[in-house]
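Provided below are the primary sequence and the corresponding predicted coordinates.
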Amino acid sequence: MARTASEVFNLAKRGELWAGHLIPNHTKEGGAGTANTATASGARLENRTPIDNSLIGYIAAGTAADIDAAVKAARASFEAGTWSQLAPAERKRVILKWVDLLHAHHEELAALDCIDAGKPISECMNTDMPATIDTFAWYAEAIDKCFGKISPTGPDALGLIVREPIGVVGAVLPWNFPAQMYAWKVAPALAAGNSVVVKPAELTSLSAYRMTELAHEAGIPPEVLTLVTGDGESAGEPLGRHADVDMVSFTGSTEVGRLFLKYAAESNLKEIVLECGGKSPQIVFDDATLDDHLVDNILAAAFWNMGENCSCGSRLIVHQSIKDTLITKLIAALANWKVGLPTDAEVKIGPMVEAAHFMKVQSFLHSAREQGAKLVHGGRTFPELGSGWYIEPTIFDNVKPDSRLFQEEVFGPILAITGFETEEQALKLANDSNYGLAASLYTQNVNRARRVASRIRAGTVSINGFSEGDISTPFGGYRQSGFGGRDNGLEALDQYQQIKTIWYVGG
Ligand code: NAD
């Protein structure tokens, strides 16, 4: 039965939102595959909501043994062909049944992400969940329309170039878009015929757990899609090092992404795909139209999801002649960005995900001032909202390119503004980063738009608006923002497929 948002919030108040492992025939305490196991005396982690730091339940604390059990189940199912050998149209049929169940549980899943990550409920309902469900539907519909190739041989041979599922896939997820990041990995990996072991972020396992339960209910075999909850060192690392995992698709910080390359190098050379952090520039040229559309898009890029967004447009690079006017407009429009409890449908800025992250974001407020930036808006925290971790949308001007705020990913609601005079300067500033995930630029000059877009070193460049593209366009990073593949688009399937040549000799 699907729960309403208020039922989810009541369960949270009573501390009864649990997530355990979903691994068939795995009897280890704390890991037998039902929610209640996370409350057994076995290893478990407290789950606190960032809304007010109250205890909302527990998650099972996964270990190497749990990962091993999940990988064994995945390997056995892959070799048995229960999913990998199904016709793509049959996999599509089952995934679309799952899509129906996800639709029926839309509100429940949105509420789980809201309570777990502190994301505004309106965003979870109107953006995250529709995008999550569409991702499953899109890959289900795509997979029976993907063709192989025939090579241009003479009549004495036939060369087939076919795509096969890669095998056992590990999906390691971040906390900032819990349901959506699950869908970005699991949908193409399953559609392609792999068996998947999911390791959600320890801060946000609830929607991943519930969606996996619904997958099994829809008919995806439980061996084919397993879930192990737990923290990075105890559950993530054993997955990265497991000798029978064929690939890991990771989304998270650049720092942990590096570790997965090491795990692969020191184990079985599994393939690794990394979707990591960003420090995305937004460039506003002096011929841009400074209207509400531009202002709303700049603010959305900087502050959507509290800035806890990999493509967050956290560096605003503005032509000097329009900088003061634009800042005045941004500050005026921020009046519409209500900070408060994310369960309130009017709220656009909820809390930071946890205390440690709140402290990290606050440290940027201090270092920005110390490094000569000028605070033009915000900077407040909200003790009156209780024990959560709230920070006001904040804007600093005159941010120097060599400062921490210009160079490091904050992952919070802080926008850094830097002025420029020439197009070359703007490009130099935009590319002055170790990251290269996304960028936006604003101009009415189409030649400039094309020229600058082609010279920005980022995986996605949007023009006259903030966007990550949509499910049909690949998303991923240049430089230290990513490595090895793309999420979204038909290109995401490449991560999860091997290419094989079959050569028939003789005519
Ligand atoms: P994180 O790197 O701390 O954690 C990500 C995952 O890795 C979690 O499941 C965690 O448990 C696991 N992990 C942590 N330490 C580990 C270890 N030592 N060994 C193995 N696994 C480990 O990232 P986060 O804080 O959850 O997410 C925020 C980061 O994710 C930001 O940098 C953000 O930019 C990035 N992100 C990128 C994209 C993208 O598409 N490029 C999307 C969303 C988030």
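In hand now; what should we look at?

Closest to the centroid, which residue in the protein?
When CA atoms, centre = their mean is applied to the chain, the residue found nearest the centroid is residue 181 (4.0 Å).

How about the contacts made by that one?
Residues in contact with residue 181 (CB atoms under 8 Å, 6 or more residues apart in numbering) are 173, 174, 251. To be clear about C-beta, it is placed using only N, CA and C from the backbone, and glycine gets the same treatment.

what do you get if the cut-off is 10 Å, keeping everything else the same?
Contact analysis of residue 181 by CB atoms under 10 Å, 6 or more residues apart in numbering lists 128, 132, 171-175, 200-201, 204, 207-208, 251-252, 275, 310, 487.

Report the secondary structure state of residue 395.
With DSSP: H, G, I helix; E, B strand; the rest coil as the basis, residue 395 sits in strand.

again with residue 384
Classified using three-state DSSP, residue 384 is helix.

Using the three-state scheme, assign the residue nearest to the centre of the chain.
Going by three-state DSSP: residue 181 is helix.

What's the nearest residue in the stretch 251-400 of the chain when you look at the ligand?
The ligand sits closest to residue 252 of the stretch 251-400 of the chain, with a gap of 2.6 Å, by CB to the nearest ligand atom.

other SSEs contacting the helix-or-strand element of the chain with minimal mean pLDDT?
Ranked by mean pLDDT, DSSP states H and E, the weakest helix or strand in the chain is strand 482-483, scoring a mean of 93. Using 3 or more CB pairs under 10 Å, 6 or more residues apart in numbering; DSSP states H and E as the contact test, the elements touching strand 482-483 are strand 247-251, helix 254-266, strand 271-275.

Direction-wise, compare the last one with strand 247-251 and give the angle.
Using axes from the mean of the first three to the mean of the last three CA atoms, to 10 degrees, one finds that strand 271-275 and strand 247-251 are set 10 degrees apart in direction.

And the average pLDDT for whatever helix or strand comes next after strand 271-275 is what?
Next helix or strand after strand 271-275 toward the C-terminus (DSSP states H and E): strand 281-284. Averaging pLDDT along strand 281-284 yields 98.

what sits against residue 487?
Neighbours of residue 487 in contact, by CB under 10 Å, 6+ apart: 135, 181, 183-185, 187-188, 249, 251, 273, 275, 468, 471, 474-476, 495.

Show me where this protein dips below the pLDDT cut-off.
27-41, 507 (pLDDT under 70).

Would you mind naming what in it lies close to the ligand?
Within the chain, the positions lying close to the ligand (CB under 6 Å from any ligand atom) are 172-176, 181, 199, 201-202, 231-233, 236-237, 240, 251-253, 256, 259, 275-278, 310, 409, 411, 437, 477, 482, 487.

that's a strand at residue 239, yeah?
No - counting by three-state DSSP, residue 239 falls outside a strand, being helix.

Report the buried residues of the helix or strand where residue 9 lies.
Under the criterion of DSSP H and E, residue 9 resides in helix 5-13. Buried residues in helix 5-13, defined by neighbour count with 16 or more other CB atoms under 10 Å: 5, 8, 9, 11, 12.

Could you count how many residues lie near residue 240?
26 (other CB atoms under 10 Å).

What separation do you get for it and residue 257?
Residue 240 sits at a distance of 10 Å from residue 257 (criterion: CB to CB, to the nearest Å).

what's the overlap in contacts for those two?
In contact with both residue 240 and residue 257: 172, 250, 272, using CB under 10 Å, 6+ apart.
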